[in-house]
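**Student:** my questions concern the predicted model and sequence given below.
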Amino acid sequence: MKTYLGIDLGSTTTKAVLLDENAHVLGRGITNSRSNYDLAADIARDEAFIGARFALIERDLTSFSDAESAGRFKKRLLHSFRRQQQLSQVQKLREEAEKEAKNPRFGSNAPKVAARLQTIFDTMEDQVKKPRLTGGKKSDFFRDQASSDYSRLAEQLASGDVSFEDLMSVFDKAIIAVENERMDLTFEGNIRAALSQSLENEADSIKAGLTEVVTKASSTPIEAVKSIGTGYGRQRLPFPKENIRSEILCHGLGAHVIFPNTATVLDIGGQDTKAIQVDQNGIVTSFQMNDRCAAGCGRYLGYIADEMNLGVHELGPMALTSQRHVKINSTCTVFAGAELRDRLTMGQRREDILAGLHRAIILRAMALLARSGGISNEFTFTGGVANNAAAVLALRKLVEENYGDRTINISPDSIYTGALGAALFARRAAQAESV
Amino acid sequence: MTTEKDRSMALQKEMIAGHFHALSKAGESKKKVVYTFVPGNLTELLHAFDVLPLYPEINALQSGMRKRSGGFITEAEKLGHSEDVCAYVKSDIGMLKAGNIGPTGEKLPEPDLLLLSYTGCFTFLKWFELLKRQYNCPIAMLHVPYQGDGSFTPEMRDYVVSQLKTEIIPKLEEVTGTKYDEDKLRAALRLSAKAEDDLVTVLESAKTKPSPIDAYFGGVYYIGPMFTAFRGTPAAVEYYQTLKEEVFARAAKGLGPVTPDGPMGAEKYRLVVEGPPNWTSFQELWKMFYDQGAVVVASTYTKVGGLYDMGFRHDPDHPLETLADYCAGCYTNLSLPQRIDLIEKYVHEYQADGLLVNSVKSCNSFSSGQLLILREIERRTGCAAGFIETDLVDPRYFSAANVMNRIESYLQMIEQRRRGAAPAKVERHLPVLGSEGSLP
Amino acid sequence: MTPEQIAEKADALYHDLDLGRVKQFRDEHPGAKVIGYLPIYAPREVVDAAGMLPVGITGGRGQIEIIRGDAYFQSYICQIPRSTIELALSGRFQLIDGFLFPSTCDVIRNLSGMWRVLFPEKYVRYVDVPQNFDPKVGGKFFRGELGHLRDDLAKLGGRPVTDDDLRRSIVKYNENRSAVSDLFALRNAAPWRALALESYLVLFAGNVLPVEEHTTLIRDYIAAVNASDRPMRDNARVVTIGSFCEQPPLGLIKTLEMAGCYIVWDDMTLSKRWLTQEISTEGDPLTAIAEAFLTHSHSNAVLYEPRREKGDALMDIVRRTKAEGVVFAAPSFCDPALLEQPMLTEALDREQIPWTAFKYSENLGQFQVIREQAGTFADSIKLWSPA
């Protein structure tokens, strides 16, 4: 089948969206961006293709006679597939960590480090193999999951000659190697093992049928006839120049597709903030961006989180508990730390300061919106910061105060807006070429 | 590159080299040196007194192009100059502290007079006040009133003319020891007008499609002799004649502008640009334009030294009055509504796809209000307007990725809008998957 | 009334962004017009003579959130034009019929043109002041400009502005000038009694009060201070400079005082005391105003100084006020103040006058750093000054 691929190489995450000929979303993928841009793009793309394959499997399973078994099987297959992928990653991480443990800086301590690594990785592999019972996972990225598991274990095992810092330094080195090396995490490379695992408990009578569904989905040719790249790092994508689109255009079109009545789009990403006006066809009519400094962008929240020793995702919820209004005028990343410390010394509460900071970020965005032509109905908010409830609350208030009643759209999938727009451009370009 | 192109460029190079050489030898030749500014300069009057003009702005922009300004600015900031203020001033002061070596590698002479012809920018005033402390020389101040309500009244003209008579000319007489010779001034003004005709022809050649010139990145070279030491000289007349012939030749062949990478490819976008260029990454910025087929057909920066295309010519029959009118009419001395009208006219007359504003941090005279200009032009012309932010010569304020992002988005936006309102019909729905794409 | 009570009254005017006092003027004078003017110098006498109320436009005083104003200005431009546009777009200048934009800097200058585009229904005039100080040249030009302003206002007000009207207004402002200079003399003699923050508020009230009323307020404050008893502290006597346009937040003035500085001279309310001497009531009144400008203007960053070296005037002030140090407090991105500063510090260094410098914006909310800096500065002055 013919498909169209859009890739959005952002400063913090890389996204891919795969469309079919009718502009249905077949699959999508996301990974954290890293120094190796090609690899990040490949991983996101592979993920999108995996989504597409699973979509095909799901479609064929709907015609399966035993609906209950089919549903159970589908879940199992997906879990096994993910476990398979994770296992390869953990094993790779172990390999790299063991190499690092031989670093001369550990001297005679090297065997002790190695011993602890063995315990850590045995436990981690076990955890992957066994279905996990704990929910509430904070991130889909291997880096984050591995880091949280590893550091918890390292904390327990650190003692005597091997400190927690020693163990973490090994992790830091190893994870970079894992992230920047090509591994087979594709559908093709992992589906066979996943299939045999998930068939283990199925009745023999249906095994053949299920296998056939998976085999058929695996062998259906899926071809990305056109790929368009966008995002902060788009110039570094291995795409010909004519297949690169500005993120502004992609965001405008993507937002228009998700919410067809969109007239104004605000995107607050890691490195920049964009205010975009689109016409009834999703075509950008004007836009404004922040200047060279990242003040008021997602990255700013990252600095604040570091300064407060919190995770970025914890900032919003904490800010929501604020009781008192604190006015903050500067969203300068350079001074963020100093201002924060000053305010804490003065006895201001963390949550109040955070609420003020979120408002300050949105105020800057409001200025860009005004510059680009104001906020018309409907108004769509995208980008990483759109997931932050405190930022959304501040935005709702300020929009209401300054523009009155506006429909504010936020999609849970907003992070894919740019990639979706790019995929639509890919589809358009392919259609134009074929005419 | 064509050989014709080479000729005008070679001519200009020679002229500049000759001028800087003359400056470096000013001590031996006993020629007096006058520092002054580009907007509203009194070059013909200086020629009438046979003095050598030197333009600190030009030195600063040359330092920018030679990648020296960053270091100079840091030096000036170490001396207590604020990070917030004009980078031209800081680059100039830093260069001074580093021995005042000019763009050709020769040492620049100290001024015998600081001619502060104050047109369209308050920073000039502070700049020469600062320089005055470095050089023990007289300063002559010409205050040119601003066209606040969009006109230059007879009272304003009288005011400038009386300053010329009571302040500028006497100080020039004192410094040079020669009497003011009005006939000499008239002769220079006559040559100015001749060259000005040709400059306008060159600038207006951009009205043809494709445009044979880039009126911004190329334009800054074309205005060079006219805006600086050469207006009112036979050399400038020759330069503009040569340039005009070259441009005509290119236009006749349907050729586009010549870029540092050779002849430009197909003209895809015609833009009007408001704001001065960035000098530290001049070629890089230009490349972002021509690589994507964007040519600048008219620019306001090439009017900081006079709006010749709007009809002004130096008039030898009214020598002092014409100098007053010239000073008052420079672009940065226009009110904001006048600037908007001018840009609107350019967008129409040059059949541009839109306006791109380069907002430079250093220059409030240009930059303050540009966002309103942008919005007004959008409203009046219906054309797309774009906005980039850089600086004149402070390399810290040039973020290539940010600028590229905006230019690219802007040009693609024009492209999309041109394709019109009927994009391929898209089946609209939310992306459906995801919830099952990861482990529970 | 006590000084505190008078300051409180002035403080209420300061915090009233909705211009209640201007509304009161309009209610009391049906049909009378109101003319706003931006920093620094505006010929208020001419406005008053036309029967109109001159109102000083002084930015947002850190009290408003800037949203629409930011839409018009890049990040490297100062705050005052943003808050001024914000105030206008939020309808707070509806009572103001016309606006004067003095030739202070390129930002205020361009704001005049923006005003014409944004508010075409309002009267707008750019007040170009001469930078040539020859009465026959710059004086003649400025006399002409003032004449245009008088004619414009006469047209706007629907009645002629006579020479006698002008003379009466000149007298009123001369009285105001004399009260202002008495207040500064008092601050200089006893800065622990006439506190910087209070006198700032009292002078600031002149932005909205009719001139006679403002004069009375100043006189009342002086009398109240003279009748009060306030303890003298061992503070450093400082001059602050650089705050002539965009105003520092009150917290900054308070912070300087609390950090151990007595501000014995400042240029914060320069627009209320641009002239150092009276305007003559003899002869043609507009010529008198023009000549007063040429000869009695305070030395300032926005004014060309042909007769003296930059820094001389500041040294005069330091000597006259017996200041022990100078605090440069300039708004961020203020071209005139920041370009001027190196020339002034050079003069101070030559005379071995200690100085310190920082930048602010009108909406600054954090004073911790300034408190520490000013405190250290005051301490070092005390430590090193001859006991």
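**Tutor:** Sure thing, it's come through.
**Student:** what pLDDT is listed against residue 110?
**Tutor:** No chain was given, so I picked chain A. The model reports residue A:110 with a pLDDT of 89.
**Student:** let's do chain C instead
**Tutor:** Residue C:110 is given a pLDDT of 98.
**Student:** element containing it?
**Tutor:** helix C:106-118 (DSSP states H and E).
**Student:** same question, residue A:221
**Tutor:** Assigned by DSSP H and E, residue A:221 falls outside every helix and strand.
**Student:** in stretch C:32-47, which residues are buried?
**Tutor:** Judged by neighbour count (16 or more other Cβ atoms under 10 Å in any protein chain shown), stretch C:32-47 contains these buried residues: C:33-47. (C-beta placed from N, C-alpha, C; glycine too.)
**Student:** farthest-separated two in those?
**Tutor:** Greatest spatial distance among the buried residues of stretch C:32-47 (Cβ to Cβ): C:33 and C:40, at 22.3 Å.
**Student:** before we move on, back to that, neighbouring contacts of the helix holding residue C:110?
**Tutor:** Helix C:106-118 is touched from outside by B:121-123, B:146, B:148, B:335-340, B:364-365, B:368-369, B:372, B:376, C:38-39, C:72, C:77-78, C:80-81, C:84-85, C:88-89, C:99, C:101-103, C:122, C:124-126, C:245, C:335, with contacts defined as Cβ atoms under 8 Å, 6 or more residues apart in numbering or on different chains.
**Student:** could you point out the helix or strand that follows the helix or strand residue B:8 falls within?
**Tutor:** Assigned by DSSP H and E, residue B:8 belongs to helix B:3-24. Sequence-wise, the next helix or strand downstream of helix B:3-24 (DSSP H and E) is helix B:26-29.
**Student:** mind checking how far that following helix is from the chain centre?
**Tutor:** Relative to its parent chain, helix B:26-29 has a centroid offset of 30 Å by Cα atoms, centre = their mean, to the nearest Å.
**Student:** could you do stretch C:61-81 as well?
**Tutor:** With Cα atoms, centre = their mean, you get 20 Å for stretch C:61-81.
**Student:** could you list the low-pLDDT ranges of chain A?
**Tutor:** A:131-140, A:292-295, A:329-336, A:435 (pLDDT under 70).
**Student:** for the top helix by length along it, packing partners?
**Tutor:** Ordering each helix of chain A by length in residues (DSSP state H) puts helix A:67-101 first. Here helix A:67-101 touches helix A:37-61, helix A:110-129, helix A:142-157, helix A:164-179, helix A:187-199, helix A:204-219, going by 3 or more Cβ pairs under 8 Å, 6 or more residues apart in numbering or on different chains; DSSP states H and E.
**Student:** got those as TSV, with mean neighbour count and distance to chain B columns?
**Tutor:** Shown next, in TSV, are the helices and strands packed on helix A:67-101 (neighbours: other Cβ atoms under 10 Å in any protein chain shown; distance: least, Cβ to the nearest Cβ, whole Å):
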stretch	mean neighbour count	distance to chain B
helix A:37-61	22	6
helix A:110-129	16	10
helix A:142-157	17	9
helix A:164-179	18	18
helix A:187-199	17	12
helix A:204-219	15	15
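**Student:** nearest to chain C within the stretch 51-200 of chain B, name that residue for me.
**Tutor:** residue B:148 (2.6 Å; Cβ to the nearest Cβ).
**Student:** and that residue, how close does it get to chain A?
**Tutor:** Distance, residue B:148 to chain A, by Cβ to the nearest Cβ, to the nearest Å: 26 Å.
**Student:** then residue B:123?
**Tutor:** 21 Å.
**Student:** helix/strand/coil for residue 63?
**Tutor:** All of this is about chain A. coil (DSSP: H, G, I helix; E, B strand; the rest coil).
**Student:** sorry, should have said chain C
**Tutor:** coil.
**Student:** equivalent analysis for residue C:326, please.
**Tutor:** strand.
**Student:** point out where chain B drops to low pLDDT.
**Tutor:** Along chain B, the parts satisfying pLDDT under 70 run over B:1-5, B:420-440.
**Student:** swap in 50 and give it another go.
**Tutor:** B:1-4, B:421-440 (pLDDT under 50).
**Student:** so which of the buried residues of stretch C:32-47 sit within strands?
**Tutor:** C:34-37 (DSSP state E).
**Student:** which residues of the stretch 151-300 of chain B lie near chain A?
**Tutor:** Residues of the stretch 151-300 of chain B lying close to chain A by Cβ under 8 Å from any Cβ of the partner chain: none are found.
**Student:** how is the chain partitioned into domains?
**Tutor:** Using chain A. A:82-179, A:260-410 (automatic domain parsing).
**Student:** hmm, no, I was thinking of chain B.
**Tutor:** B:3-182, B:187-419.
**Student:** deepest-packed of those domains, please.
**Tutor:** The highest mean neighbour count among those, using mean count of other Cβ atoms under 10 Å in any protein chain shown, belongs to domain B:187-419: a mean of 21.
**Student:** and that one, anywhere near chain C?
**Tutor:** Yes - judged by Cβ under 8 Å from any Cβ, domain B:187-419 comes into contact with chain C at B:335-340, B:359, B:361, B:364-365, B:367-372, B:376, B:389.
**Student:** got the end-to-end distance for that domain?
**Tutor:** 54 Å (Cα to Cα, to the nearest Å).
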